[in-house]
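J.: Pasting a predicted model and its sequence here:
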Amino acid sequence: MIDHTGIRVSSFERSKAFYQKALAPLGYRLQLEFKQTAGFRAAVAGKTDDPGGDFWITGGEPFTPRSHIAFRAGNRDEVNAFYTAAIAAGGRDNGAPEVCSSYHAHYYAGFVHDPDGYNIEAVCHKKPLEAS
């Protein structure tokens, strides 16, 4: 199990605002902030012992090549809401939400490029009628 990951971003304030809006539909919130560093965390029962978060951004030179990060969604509506929020927050389309059957029959995902060009995804692996 991965504990946390992070990326460097060219404009800390711009990216912080983007991720606050884009990840909100997935239950993520800005959890901890230092100078030019911010940790985001989803409220998940039993997995809240880290006071910082599991996704971090830090001001600096973005990674080359840009990383791909997929955030798990509880259902397809959350994937749709993530995509809409990310585009509204300044993300660029990299694949509207749809079933990506080449991965598996129920792989439902939406993709955006964040302000620095990182490929950010929200994905749900459940059948359409399964509960969150």
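T.: Great, that's in hand.
J.: all strands for this protein, in order.
T.: Using DSSP state E, the strands of the chain run over 5-9, 28-34, 37-42, 55-59, 68-72, 92-93, 98-99, 108-113, 119-124.
J.: Out of these, the one nearest Ala86 is which?
T.: strand 108-113 (4.3 Å; CB to CB). For glycine as for every other residue, the C-beta is placed from the backbone atoms N, C-alpha and C.
J.: Just list what the closest one packs against, helices and strands only.
T.: Other helices and strands packing on strand 108-113, by 3 or more CB pairs under 8 Å, 6 or more residues apart in numbering; DSSP states H and E, are helix 76-88, strand 92-93, strand 98-99, strand 119-124.
J.: Let's see that with 10 Å instead.
T.: Applying 3 or more CB pairs under 10 Å, 6 or more residues apart in numbering; DSSP states H and E, we find strand 108-113 packed against strand 68-72, helix 76-88, strand 92-93, strand 98-99, strand 119-124.
J.: For this protein, which residue occupies the most central location?
T.: Phe71 (4.7 Å; CA atoms, centre = their mean).
J.: one step back: how about the strands of the chain in CSV, adding mean pLDDT?
T.: Compiled in CSV, the strands of the chain are given as follows (pLDDT from 0 to 100):
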stretch, mean pLDDT
strand 5-9, 97
strand 28-34, 94
strand 37-42, 94
strand 55-59, 97
strand 68-72, 96
strand 92-93, 98
strand 98-99, 96
strand 108-113, 98
strand 119-124, 97
